[in-house]
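Undergrad: predicted model and sequence follow; I will ask about them next.
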Amino acid sequence: MELTGKNISFKYSSQSKQILKDVNITIDNKKILGLFGDSGSGKSSLCKILAGHIKRYEGEVKCGGNKIPNAFDPVQLIYQHPEKVMNPKWKMHEVLGESWDVPDDLLEDFGIQKSWLNRWPAELSGGELQRFSVLRALNPKTKFLIADEMTTMLDAITQVQIFDSVLKIVKERNMGLLVVSHDKDLMDIICDEVVYIDDINHV
Ligand SMILES: Nc1ncnc2c1ncn2[C@@H]1O[C@H](COP(=O)(O)OP(=O)(O)OP(=O)(O)O)[C@@H](O)[C@H]1O
């Protein structure tokens, strides 16, 4: 199964600069793909388009040959800043429960203490919140995961732990994974193939 972006071109408004031009990218569920490039080169914008968060673009995104449906989200995007995508008025068990019923062993794998489930997002650190946003994205319907600087805010040891847990699930469930990072060393370890955005973006 593949998630494909075909001839993707994009600008934020008609007056603003071209961010993406004729980008072609394929994420295969049998390989882990890395995407790297300079700050501001359009990586996050491309991720949002692939995940269906930006809808006004030129080109075509397909998941398993079909357009991404609205009701069922086979493509999940994990943002760099989890606090931006969490409802501050929900306790953490509601934040997770909205997506799926996470088994206890997975909470443990991701280093989430049970007492945190009863806290508000504002009562957790950025790194602790990020563990929740990763787990939330890993609901059983997810076919492709896009990790946009997913572990930037975590220390090196926690980064490895989180990636280990994600990779285990990705392999078990045969999911596709796109890893976006500035850390080329990390990508070289994790990914089967790494793409430089300037090589696929013709702006
Ligand atoms: N909502 C927005 N409205 C207008 N311009 C935006 C918006 N979001 C991003 N941009 C601009 O689009 C360009 C590409 O940004 P994008 O976040 O996709 O880059 P990036 O490669 O992910 O950067 P980084 O590695 O720093 O996260 C930048 O010049 C940025 O200023």
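TA: Arrived safely.

Undergrad: work out the sheet partners of the lowest-mean-pLDDT helix or strand in the chain and label each with its direction, please.
TA: Within the chain, confidence by mean pLDDT, DSSP states H and E is lowest for strand 66-67 among all helices and strands, at a mean of 78. Neighbouring strands of strand 66-67 in its sheet, by DSSP bridges, are strand 58-63 (antiparallel).

Undergrad: which other residues reach the strand it pairs with?
TA: Where contact means CB atoms under 8 Å, 6 or more residues apart in numbering, the residues beyond strand 58-63 that reach it are 1-10, 22-23, 49-50, 52, 67-68, 74-75, 143-144. Heads up, the C-betas are built off the backbone N, CA and C, glycines and all.

Undergrad: mind checking which of those are in helices?
TA: 49-50 (DSSP state H).

Undergrad: which of the contacts of strand 58-63 are buried, as a PyMOL select command?
TA: Isolation of the buried members of the contacts of strand 58-63 (16 or more other CB atoms under 10 Å) is achieved in PyMOL through the command below:
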select buried, resi 3+4+5+8+9+10+23+49+50+52+68+74+75+143+144
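
Undergrad: from the contacts of strand 58-63, which are also near the ligand?
TA: Checked against the ligand using CB under 6 Å from any ligand atom, the contacts of strand 58-63 yield no neighbours at all.

Undergrad: just the contacts of strand 58-63: which are in strands?
TA: Applying DSSP state E to those, the entries found in strands are 2-10, 22-23, 67, 75, 144.
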